[in-house]
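In: After the sequence you'll find the predicted model.
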Amino acid sequence: MINCLLIKITQNSRGLPVRSYRTLAAEELTFGRGAECTIHLPDPRIAMHHAVIKRCDDGELHLIALNGELEIDSASRQNIELTQGTQVMVGPYQLTVEPTPPDVNLSISLALVHRLPDDFQNIKSRTHEPLPGATQFKRRLSIWMVALIALLFLVLPMAQNLIPQLHDTMAELPFGFDRVWSPGHISNAHRHFGSQCANCHQALTQQVTDQACMQCHRDTTPHITDPALQHHAFEAKRQFLGSTRCGECHREHKAPHPLTRQDNGMCVKCHGNIKSIDANTKLSDIHDFDKDHPGFKLTFKSGDNNEKIERIPQTEKARLIENSGLNFPHSQHIGKVQGPNGMRDVRELSCTTCHQSEGKEMRFKPIAYKRDCLSCHASKLEVGPANAKLNVPHGSEQNVMNTLKLFAPKAFELHSETLKTTGCAYCHVVESSVKGDALPWRIKPLQINQDWFSKARFKHASHRTQQCNSCHQVEESETSADVAMPDRDSCLRCHSGNSPKYKRIASGCMSCHDFHSVHGAVNAPISSEKLNPEELDTLLSISKQPPKE
Amino acid sequence: MQRSNIFDYKNYRYFKLAVIVILIAFVAYLLFEPAVGHYGGSWLGYGLGTISALMVLWMAWYGVRKRRYRGSGATQGWLSAHIYLGTALTIMVTLHSGFHFGLNIHTLAYAILLIVVISGFFGNYTYMIYPRQMTENMGEDNLDGLLLRIAEADKLARQIALLMPDHINNAVARACGETSIGIGLLEQLRGFQPNCPSAIAVQQLSVMDNTLSTEQRKLYRDLYSIMVRRESLVKRARQDLMYRARLGFWLYFHVPFTIALLVAMLAHVIAIFAYW
């Protein structure tokens, strides 16, 4: 039997401790929420049967945990010997062993030290604000993104431009910090150096200069051969266009679009009103091949050296006479013709029997006597009567004369005259020799035109699906003085101007013309070494240099 | 008559304006194609880019303006214009880009702008649907009222649970003492909390304990109904928090990305004129 003094410590309305005393006598003192417990503790944190005080085998009183937990100094315990001063936490209650007065075995005090929190405040304290730390998150995210973007896309590329040491260091690397500024793909031709922006963009806030282009493209030719006219024309152009940089027509960072502008815009800006560029020009205004392009002019070589040319409009038909030095009727060399070996030797000739194409662009090999004539015509020319025939070789006049002098010295004059009037003259134009010449006559040197349209670009390869005679009318040509070049109307049968028409291909300026070299300016390359570095417009500046002779 | 909202403000004034802006941009885009194809550096590209940049600055200014309680015009009108012209802006900048994209600052600025606009769309969507759902969820209550009713239920449940076996008492005590509402961002956005003590308690209580006495059984039924009511209150409180979280969440992106956009746009413009 345990006689126990139970002191319950509560608080009055002023918060002061109030002790109430009670004695209990039982075999065991049970603690719990259950009504049957000796010490009834109505708190949800206490188990129904929380703990028990009983006398153990050693004769001492022990507090033993049943379904609840006991703690001394926050350490969980199962069995606690109760001696004076022992303090045990029974759930939210503190149990203290008090000094034992007489008549009882045990004196304990119980105080509720951990009150149940107020329900409303409790649940409110566990209800969180929506979006915890939103402001801080937004601020941090903003700062990080701003810092990252500013560093990668502004500070580093700028630093590379403004700090020379950094610029030099980065130039060694595959690409620089400013690579992120590239607005589009670089064309294949420029890609191998294009990831280093400074190769072209040499100065901040300045458009790419022609000097940058000329570092590599040194052999680029100007638009107009005459330097004074070139300078005058481009100065005039600059006054109303602002710039004549390479970059005006050659647009980089647009791949896979071609680097060079394919439209007529830049051409028409000058050639649409060419008088505003040069009041003295003989050119007419052009906007569109289909509408106001003038008729073609054919290039004739005038004079013996090939450098002198004359351009004659196709409308002036009386002047279109080729002076090739040959007597050759196309009409007798096409279709079925009689061969050299008798009546039964009939041969079929076509254009390509003699005009043989070469190369990708399908230009034509020059006509060669041995290859193109000999297959039908005899290789040796016979002169003299039937009983004393003499063969003269095809070759220089000197060889022919030597042969005559050697084999028929007596008949030299006669044979020479025969050759001059019928023999050689059958195919060649024979000229009387000038005074002091050792030979009595000479063969006119051949001058077969190779490039009729010297200011345009024409590829037979692009037209290989067509028949030759759809452009070149030679079947009826009786003389080699005839010129069988197609005119603008025959081009217009298949080609239209800037916009396509029914069954006609759209053809801009660039389809036939080339800005840099059509004007016979191949001998005047721009040299970047001679350029004044302050001159931005290279095309303009080249006129200050006389073209190389 | 119902008051106009941000969408039909002044008889769709800004909707019409946005449509006109888009149409003009489209027509210009179709009519004036540069020889080398559309790109940001053609005169049309510069035009679209300049207008877009000014629009971005104006939109960003809305964020400053709405935090001030003075200024010109109704905030409702500003918001209406902000939404419609912001939508038009995506089309303007897409045309400005000429559909050229790459790994560079220009496409980055474009992508950030899209994030800003899309987050704005989401914000717009939340303001279209959640306020009504919030009202449906809360009725005439407010969150504090709900919490008060939960607290009352807690008190009642705990008193009854004192008479119940330990496992029931513990479950109820845990539910009352540990239930929290909107504990983290993810839970707030989902409006659901896994392993919620209240839900666990209701689940445990749904199976009657056979060891209970007749008297306890009657109380047990009371306790169960209190806990079920309590759980539905907790769910409603969580839903309320979810709606409020979702209403604000899009600003996590809209505002920081707007600030990032301003910097990216600055870098974009500087890059263009640095390498002119």
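Out: Done, it's in. Numbers count the residues shown, from 1 in each chain, chains lettered A, B, ... in the order given.
In: give me every residue that touches the spatially most distant residue from the centre of chain A.
Out: Residue farthest from the centre of chain A, counting by C-alpha atoms, centre = their mean, is residue A:103 at 106.7 Å. Residues near residue A:103 by C-beta atoms under 8 Å, 6 or more residues apart in numbering or on different chains: residue A:3. (C-beta placed from N, C-alpha, C; glycine too.)
In: Mind doing that once more with 10 Å?
Out: By C-beta atoms under 10 Å, 6 or more residues apart in numbering or on different chains, residue A:103 lies in contact with A:3, A:5, A:23.
In: Can I have the buried ones of these as a PyMOL selection?
Out: In PyMOL, a selection of the buried entries from these looks like this (16 or more other C-beta atoms under 10 Å in any protein chain shown):
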select buried, chain A and resi 5
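In: Just give me the closest of the contacts of residue A:103 to residue A:455.
Out: Distance to residue A:455 across the contacts of residue A:103 (C-beta to C-beta) is lowest for residue A:5, with 129.2 Å.
In: and stretch A:406-419, what's its mean pLDDT?
Out: On average, the pLDDT along stretch A:406-419 is 87.
In: can you check stretch A:75-84 too?
Out: The pLDDT scores in stretch A:75-84 average 90.
In: can you pull the buried residues of that stretch?
Out: Of the residues in stretch A:75-84, A:80, A:82 count as buried by neighbour count, 16+ other C-beta under 10 Å.
In: which other residues reach it?
Out: A:51, A:53, A:56, A:58, A:60-66, A:69-72, A:86, A:88-89, A:95-100, A:105-108.
In: Regarding it, how distant is the last residue from the first?
Out: 19 Å (C-alpha to C-alpha, to the nearest Å).
In: starting at the chain centroid, how far to it?
Out: 85 Å (C-alpha atoms, centre = their mean, to the nearest Å).
In: One more: stretch A:185-195?
Out: Taking C-alpha atoms, centre = their mean, one finds stretch A:185-195 lying 7 Å from the centre of the chain it belongs to.
In: send the alpha carbons of that stretch over as PDB?
Out: Extracted C-alpha coordinates of stretch A:185-195, given in PDB (Å, rounded to 0.1, in the frame of the first residue of the first chain):
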ATOM      1  CA  HIS A 185      24.800  32.900 -90.400                       C
ATOM      2  CA  ILE A 186      27.900  33.900 -92.300                       C
ATOM      3  CA  SER A 187      28.200  32.800 -95.900                       C
ATOM      4  CA  ASN A 188      30.400  29.800 -96.500                       C
ATOM      5  CA  ALA A 189      33.100  31.800 -98.200                       C
ATOM      6  CA  HIS A 190      33.700  33.900 -95.100                       C
ATOM      7  CA  ARG A 191      33.000  31.400 -92.500                       C
ATOM      8  CA  HIS A 192      36.600  30.400 -91.900                       C
ATOM      9  CA  PHE A 193      37.400  33.800 -90.400                       C
ATOM     10  CA  GLY A 194      33.900  35.100 -89.800                       C
ATOM     11  CA  SER A 195      33.700  34.000 -86.100                       C
END
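In: check whether it contacts chain B.
Out: Yes - judged by C-beta under 10 Å from any C-beta of the partner chain, stretch A:185-195 comes into contact with chain B at residue A:185.
In: And that stretch, what's buried?
Out: Those would be A:185-187, A:190, A:194-195, for stretch A:185-195 by 16+ other C-beta under 10 Å.
In: how does chain A divide into domains?
Out: A:2-115, A:296-367+A:448-482 (automatic domain parsing).
In: With respect to burial, which of the ones you listed scores highest?
Out: Most buried of the domains of chain A, by mean neighbour count (mean count of other C-beta atoms under 10 Å in any protein chain shown): domain A:2-115, with a mean of 15.
In: What is the longest helix anywhere in chain B packed up against?
Out: Taking DSSP state H as the criterion, chain B has its longest helix at helix B:214-249. The helices and strands touching helix B:214-249, judged by 3 or more C-beta pairs under 10 Å, 6 or more residues apart in numbering or on different chains; DSSP states H and E, are helix A:119-125, helix A:134-150, helix B:105-138, helix B:143-161, helix B:166-178, helix B:185-190, helix B:197-205.
In: Export those helices as CSV, with columns for mean neighbour count, mean pLDDT and distance to residue A:265.
Out: Below are these laid out as CSV (neighbours: other C-beta atoms under 10 Å in any protein chain shown; pLDDT from 0 to 100; distance: least, C-beta to C-beta, whole Å):
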stretch, mean neighbour count, mean pLDDT, distance to residue A:265
helix A:119-125, 17, 87, 74
helix A:134-150, 15, 94, 37
helix B:105-138, 17, 93, 25
helix B:143-161, 20, 90, 68
helix B:166-178, 21, 88, 77
helix B:185-190, 18, 88, 56
helix B:197-205, 20, 90, 73
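In: Out of those helices, which is closest to residue A:28?
Out: The nearest among those, by C-beta to C-beta, is helix B:166-178 at 19.0 Å.
In: The closest one and chain A, are they touching?
Out: Yes - for a cut-off given as C-beta under 10 Å from any C-beta, helix B:166-178 has contacts with chain A, namely B:166-170, B:172-174, B:176-178.
In: With respect to residue A:416, which of those is nearest?
Out: residue B:178 (132.4 Å).
In: Quick check: the closest one touching residue B:170?
Out: No - Residue B:178 sits out of contact with residue B:170 when judged by C-beta atoms under 10 Å, with a separation of 11.0 Å.
In: Please enumerate the shared neighbours of those two.
Out: With C-beta under 10 Å, 6+ apart, residue B:178 and residue B:170 have common neighbours residue B:201.
In: Wasn't residue A:9 part of a strand?
Out: Yes - assessed with DSSP: H, G, I helix; E, B strand; the rest coil, residue A:9 lies in a strand.
In: Show me the beta-bridge partners of the nearest residue to it once chain neighbours are set aside.
Out: Spatial nearest neighbour of residue A:9, excluding adjacent residues (C-beta to C-beta, 6 or more residues apart in numbering or on different chains): residue A:111 at 3.9 Å. When assigned by DSSP bridges, residue A:111 has beta-bridge partners residue A:9, residue A:94.
In: circling back: least confident of the domains of chain A, on average?
Out: Across the domains of chain A, domain A:296-367+A:448-482 gives the lowest mean pLDDT, at a mean of 86.
In: Just give me how far that one sits from the chain centre.
Out: Going by C-alpha atoms, centre = their mean, where domain A:296-367+A:448-482 is centred and where its chain is centred differ by 42 Å.
In: Next, count neighbours for the residue of the stretch 401-549 of chain A found nearest chain B.
Out: Proximity to chain B, evaluated over the stretch 401-549 of chain A using C-beta to the nearest C-beta, is greatest for residue A:508 at 9.7 Å. For residue A:508, the number of neighbouring residues by other C-beta atoms under 10 Å in any protein chain shown comes to 20.
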